[in-house]
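[1] Return atomic coordinates for the entry below.
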Amino acid sequence: MFFLFGLTTREHLQFTHSATCRYCHQHAPQQVIQRKTKLSVFFIPLLTLKKTRLQVCTNCGGASRISGSEQRALAY
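    Down below sits the predicted model:
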């Protein structure tokens, strides 16, 4: 029997907000990105193995992880 499986990582832009960057200390747009890693069997995604949220500066490209509660606070 032959199984085809693999891992796929996808990024989705959630929203953009204006704030001061943690790295370059410039006031610039910050993108909140959600990254998901899924297990696929026969090219069909079955399980989400890992979910991370990142805040990425558009000025310097610095990225830092944020929690779900921080993401909800930034959205409003």
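[2] From here on, just use CA atoms for contacts and neighbour counts.
    Will do.
[3] Is T37 within a helix or a strand, and which one?
    strand 27-41 (DSSP states H and E).
[4] Can you list the helices and strands that that strand packs against?
    With contacts defined as 3 or more C-alpha pairs under 8 Å, 6 or more residues apart in numbering; DSSP states H and E, strand 27-41 has these neighbours: strand 5-20, strand 44-57.
[5] tell me which residues of the shortest one are tucked away?
    Right, the one you point to is strand 44-57. Neighbour-count burial for strand 44-57 flags R53, L54, Q55, V56, C57 (criterion: 16 or more other C-alpha atoms under 10 Å).
[6] do stretch 26-34 as well
    Neighbour counts over stretch 26-34 (16+ other C-alpha under 10 Å) mark A28, P29, Q30, Q31, V32, I33, Q34 as buried.
[7] Nearest to T16 among the residues you listed?
    Nearest to T16, judged by C-alpha to C-alpha, of the buried residues of stretch 26-34 is Q31 at 4.4 Å.
[8] Looks like that closest one contacts G61 (just checking).
    No. Q31 is beyond contact range of G61, at 9.9 Å (criterion: C-alpha atoms under 8 Å).
[9] Excluding chain neighbours, what is closest to T16?
    Excluding the flanking residues, the one nearest T16 by C-alpha to C-alpha, 6 or more residues apart in numbering is Q31, at 4.4 Å.
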